[in-house]
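Undergrad: return a 3D structure for these sequence lines:
(one chain, ligands or ions: 1)
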Amino acid sequence: MSPKSTPVPLGAVQFRRCLLRWYRRHARDLPWRRTRDPYRVIVSEFMLQQTQVSRVELFYPRFLDRYPTIGHLARAQASEVRETWEGLGYYQRAANLHRLARVVVRELDGVIPDDPARLRTLPGVGRYTAGAVACFAYERPEATVDTNVARVIRRAYHPRLQGPGSAKRIWATAQAVLPTRGRTAWAFNQALMELGATVCTARVARCEICPVRAVCKTGRGKGEKGKRR
Ligand code: SF4
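TA: Below you'll find the predicted structure:
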């Protein structure tokens with residue numbers, strides 16, 4: 001991931017503090033948040049790419065029961081992996097995960113890399129998944145910008161941003177506001193996702209209950225009803 005070049009935005013310290021405090025009280029207890037095992041993290045990230053959390057919560061333990069390690073997955077038949085994925089849809093993810101397991105076992109002694117650039121050379125791993133694995137498994141301070149995080153960053157820091165270059169700007173801000181200490185960065189990225197999934201959602205921005213409202217360019221000064229979008 002590129003080094004920090006964007007200046008830390010105004011109010012970032014308060015943003016972090018308020019978000020982390022809120023997360024400690026409101027975080028959902030999700031199984032992939034209880035582990036730092038890179039294999040388990042990568043399985044959850046592949047599943048979450050296009051599937052709701054509640055559905056992944058059902059399938060995640062089943063998949064790990066069947067393939068408890070990356071070695072088990074690498075040795076499985078493609079048809080068997082597809083069958084285990086049945087019900088989650090978007091089967092290309094299962095095929096990529098299976099290919100990834102085989103590459104990691106064959107070429108990397110079964111060790112999933114911690115470096116985002118290296119991770120991005122693996123099948124099915126894009127910028128988001130690389131950052132997520134580096135941060136959620138290895139506690140590296142890497143930005144993880146999924147749809148939810150992009151929305152929060154946009155509303156909080158760049159409410160008028162549009163056009164080419166928007167995504168790049170959002171990533172740069174997400175990296176600039178990220179705490180540098182790995183464990184704190186882990187919690188901060190999880191908290192941003194949680195906020196985007198439960199408070200600052202695509203359907204409604206519930207600014208009236210939002211922990212970062214005081215430092216959010218969209219939420220600041222809003223009435224009690226929040227803003228519908
Ligand atoms: S204050 Fe409103 S717009 Fe800003 S992050 Fe919170 S919910 Fe989203």
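Undergrad: contact partners for whichever residue of the chain sits closest to the ligand?
TA: Nearest residue of the chain to the ligand (Cβ to the nearest ligand atom) works out as Gly219 at 2.2 Å. Yep, even glycine has a C-beta here, placed from its N, CA and C like the rest. The contact partners of Gly219, by Cβ atoms under 8 Å, 6 or more residues apart in numbering, come to 155-156, 205, 207, 210, 212-213, 227.
Undergrad: for the ligand, tell me which of those show up nearby.
TA: When contact is defined as Cβ under 6 Å from any ligand atom, these meet the ligand at 155-156, 205, 207, 210, 212-213.
Undergrad: my read is Arg36 is in a strand, agree?
TA: No - looking at Arg36 with DSSP: H, G, I helix; E, B strand; the rest coil, it is coil, so not inside a strand.
Undergrad: per-residue pLDDT of the nearest residue in space to it that is not next to it in sequence, please?
TA: Closest residue to Arg36 apart from its sequence neighbours, by Cβ to Cβ, 6 or more residues apart in numbering: Ala137 at 5.5 Å. As predicted, Ala137 sits at a pLDDT of 98.
Undergrad: ok, Ala137 - how many residues close by?
TA: 23 (other Cβ atoms under 10 Å).
Undergrad: quick one: low-confidence parts of this protein?
TA: Counting by pLDDT under 70, the chain shows low-confidence ranges at 1-5, 223-229.
Undergrad: what about the helices in it?
TA: 12-26, 38-48, 53-66, 70-75, 78-85, 92-107, 116-119, 127-136, 147-157, 166-177, 182-198 (DSSP state H).
Undergrad: compare these and give me the one nearest Trp32.
TA: helix 38-48 (3.5 Å; Cβ to Cβ).
Undergrad: identify the residues contacting the closest one?
TA: So helix 38-48 is contacted by 31-32, 35, 56, 59-60, 63-64, 69-70, 73, 88, 93-94, 96-97, 100, 111-112, 114, 124, 129, 132-133, 136-138 (Cβ under 8 Å, 6+ apart).
Undergrad: buried residues of it, list them for me.
TA: 38-48 (16 or more other Cβ atoms under 10 Å).
Undergrad: what do you get for stretch 122-142?
TA: Quick answer for stretch 122-142 (16+ other Cβ under 10 Å): 122, 124-125, 127-142.
Undergrad: near the ligand, from those?
TA: Okay, of those, nothing touches the ligand (Cβ under 6 Å from any ligand atom).
Undergrad: show me what from this structure comes close to the ligand.
TA: Checking the chain against the ligand by Cβ under 6 Å from any ligand atom, the hits are 152, 155-156, 199-200, 205-207, 210, 212-213, 216, 218-219.
Undergrad: ok, back up a step: reformat the buried residues of helix 38-48 as CSV; add distance to Val105.
TA: Shown next, in CSV, are these (distance: Cβ to Cβ, whole Å):
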residue, distance to Val105
Pro38, 13
Tyr39, 11
Arg40, 16
Val41, 17
Ile42, 13
Val43, 15
Ser44, 19
Glu45, 18
Phe46, 16
Met47, 20
Leu48, 23
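Undergrad: tell me the one among those nearest to Ala187.
TA: Val41 (14.8 Å).
Undergrad: quick check: closest non-adjacent residue to that closest one.
TA: Ala137 (4.1 Å).
Undergrad: contacts only, for the one you found.
TA: Applying Cβ under 8 Å, 6+ apart to Ala137 gives the contacts 36-38, 41-42, 112, 114.
Undergrad: how about the residues you listed in TSV, adding distance to Arg181?
TA: Formatted as TSV, those follow (distance: Cβ to Cβ, whole Å):
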residue	distance to Arg181
Arg36	15
Asp37	21
Pro38	20
Val41	19
Ile42	23
Ile112	22
Asp114	16
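Undergrad: please consider this matter closed, and thank you.
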